[in-house]
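Visitor: Take a look and give me a structure for this.
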Amino acid sequence: MIRPRAAMTTSASTDTATQGSNGGKVALALTIAVMIGAFFYFDFGQYLSLDALKDNRDRLLTFTESHHTAAVGLFIIAYAAVTGLSLPGAAIMTLAGGFLFGAVLGTIFVNLGATIGATLAFLAARYLLRDMVEQKFGRWIGPFQEGFARSGFSYLMTLRLIPLFPFFVVNLVSGLTRVNVGTYVAATALGIIPGSFVYAYAGRQLGTITSLKEIASPNVLTAFVLLGLLALVPIAYKKFSDKQA
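Guide: Numbers count the residues shown, from 1 in each chain. Model (predicted):
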């Protein structure tokens with residue numbers, strides 16, 4: 001049977017669109033792989049260390065004072081790239097943000113960069129790197145799905161406040177769950193504020209810091225745990241109400 005020309009054209013167009021979509025995904029995945037590979041091959045991580053930050057603080061401060069708008073833009077883009085590519089160094093960059101822009105503005109700029117980067121990682125895991133993320137972190141998908149099913153916003157807020165899992169793991173695994181993008185962005189932006197502020201504030205005393213462990217003191221970690229438990233209250237209340245009904 002001869003297929004109608006219109007049907008053949010539609011089928012060909014669909015196949016072409018699918019191939020183009022797959023080709024775009026492959027190109028993006030390769031770009032991400034190349035950027036991550038270049039970071040480690042050229043050892044760019046050496047510039048995201050406490051010693052490097054201290055050694056270059058005068059130059060960084062001079063550039064920021066002379067080109068403030070450009071410095072803010074570059075900082076947010078760099079932070080988003082580090083977070084989006086799941087690279088090490090976010091804590092150092094947060095210190096730098098506090099040192100260069102002050103505790104309040106530094107927290108705001110860190111929040112913007114971290115939220116943008118976390119959202120990019122989330123979207124990449126959901127639409128681009130799903131198989132790879134599932135293979136590497138698949139054992140955590142079940143607990144995440146269960147938590148998001150109860151209350152996506154409160155659960156994610158807790159994950160952001162209490163460092164039970166690394167930040168990049170939460171970004172990637174969340175992309176494999178059913179949580180919607182809006183909830184993810186809102187909970188991330190709010191949940192990282194306390195930690196960002198603590199590190200940004202510490203950045204103002206950069207000269208006296210000898211180790212990141214000094215910042216994450218037991219008192220600070222306890223405060224994060226209490227905030228995280230507070231975020232779980234809506235889930236506990238809903239569960240209690242369901243039992244009473």
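Visitor: contacts and neighbour counts: CA atoms only from here.
Guide: Noted.
Visitor: how many other residues sit next to Arg126?
Guide: By other CA atoms under 10 Å, the residues close to Arg126 number 20.
Visitor: That one against Gly175, yeah?
Guide: Yes: contact criterion CA atoms under 8 Å: Arg126 and Gly175 qualify, at 4.5 Å.
Visitor: Remind me what the helix or strand harbouring Pro143 packs against, helices and strands.
Guide: For Pro143, the host element (DSSP states H and E) is helix 141-161. Secondary-structure packing of helix 141-161 (3 or more CA pairs under 8 Å, 6 or more residues apart in numbering; DSSP states H and E): helix 167-174, helix 181-191, helix 218-231, helix 233-244.
Visitor: Next, the angle helix 181-191 makes with it.
Guide: 40 degrees (axes from the mean of the first three to the mean of the last three CA atoms, to 10 degrees).
Visitor: How far away from the center of its chain is helix 141-161?
Guide: 15 Å (CA atoms, centre = their mean, to the nearest Å).
Visitor: Give the buried residues for the strand or helix carrying Asp131.
Guide: Per DSSP H and E, Asp131 falls inside helix 130-137. Residues of helix 130-137 classed as buried by neighbour count (16 or more other CA atoms under 10 Å): 130, 133-134.
Visitor: Out of the residues you listed, which comes closest to Leu61?
Guide: Val133 (38.5 Å; CA to CA).
Visitor: So that closest one sits against Ala125, correct?
Guide: Yes: using CA under 8 Å, Val133 is in contact with Ala125, at 6.4 Å.
Visitor: what sits in contact with each of the two?
Guide: 172-173 (CA atoms under 8 Å, 6 or more residues apart in numbering).
Visitor: Which residues are in contact with the spatially most central residue of the chain?
Guide: When CA atoms, centre = their mean is applied to the chain, the residue found nearest the centroid is Ala118 (2.5 Å). Taking CA under 8 Å, 6+ apart, we find Ala118 in contact with 80, 83-84, 168, 171, 188.
Visitor: at 10 Å instead, please
Guide: 80-86, 112, 124, 167-168, 170-172, 184-185, 188-189 (CA atoms under 10 Å, 6 or more residues apart in numbering).
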